[in-house]
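> Got a sequence here, can you model it:
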Amino acid sequence: MRHLGVDNTIMESTTQIAIRAIREKAERSGFTLSDVAYAAGIDKAQVSRWSTGKVVPLYSAVIKLQEACDALVEVRLAQLQKESQQ
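Residues are numbered from 1 along each chain as shown. As a prediction, this is how the structure comes out:
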């Protein structure tokens, strides 16, 4: 959930910051947050609710999302390494 800070700016929750970081990492590797959600076995609409702060996920769900993102990035890196060796 977003809150107003002392200077009336909107502050993100820790969960929103974590999900934004996961999204950015995925996008740098050519994936979307929906791709990561699918790989994690989590409904993409649920992940959207987490990222907007409408729902706060369990810590274990965010970890699952992060692990899925890491796995996708590893696969992408392996593909790029294989392509560069050919």
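> make it CA atoms for all contacts and neighbour counts henceforth
Will do.
> Which strands or helices does the longest helix that the chain contains pack on?
Secondary structure of the chain per DSSP state H: the longest helix is helix 59-85. Here helix 59-85 touches helix 14-28, helix 33-40, going by 3 or more Cα pairs under 8 Å, 6 or more residues apart in numbering; DSSP states H and E.
> right, and those - which one's nearest residue 58?
helix 14-28 (9.4 Å; Cα to Cα).
> Now tell me what touches that closest one from outside.
32-33, 36, 50-53, 56-57, 62, 65-66, 69, 72-73 (Cα atoms under 8 Å, 6 or more residues apart in numbering).
> Check the gap between the residue nearest to the spatial centre of the chain and residue 60 for me.
Taking Cα atoms, centre = their mean, the centroid of the chain lies closest to residue 22, which sits 3.0 Å from it. Using Cα to Cα, to the nearest Å, residue 22 is found at 14 Å from residue 60.
> shaky segments in the chain?
The model of the chain has pLDDT under 70 over residues 1-10.
> 50 instead, please
Per-residue confidence for the chain (pLDDT under 50) gives these ranges: 1, 8.
> which one in it is furthest away from the centre?
residue 86 (31.6 Å).
> Provide a list of residues in contact with that one.
Contacts of residue 86 (Cα under 8 Å, 6+ apart): none.
> start the count at 202, not 1, going forward
Will do, 202 is the new start, and the previous item becomes residue 287.
> Which one, of the helices and strands packed on helix 260-286, ends up nearest to residue 247?
Closest among the helices and strands packed on helix 260-286, once you apply Cα to Cα, is helix 234-241, at 8.9 Å.
> can you list contacts of the following helix or strand past the closest one?
Where DSSP states H and E defines the elements, the next helix or strand beyond helix 234-241 is helix 245-253. Helix 245-253 is contacted from outside by 202, 216-217, 220-221, 234-235, 238-239, 256-258, using Cα under 8 Å, 6+ apart.
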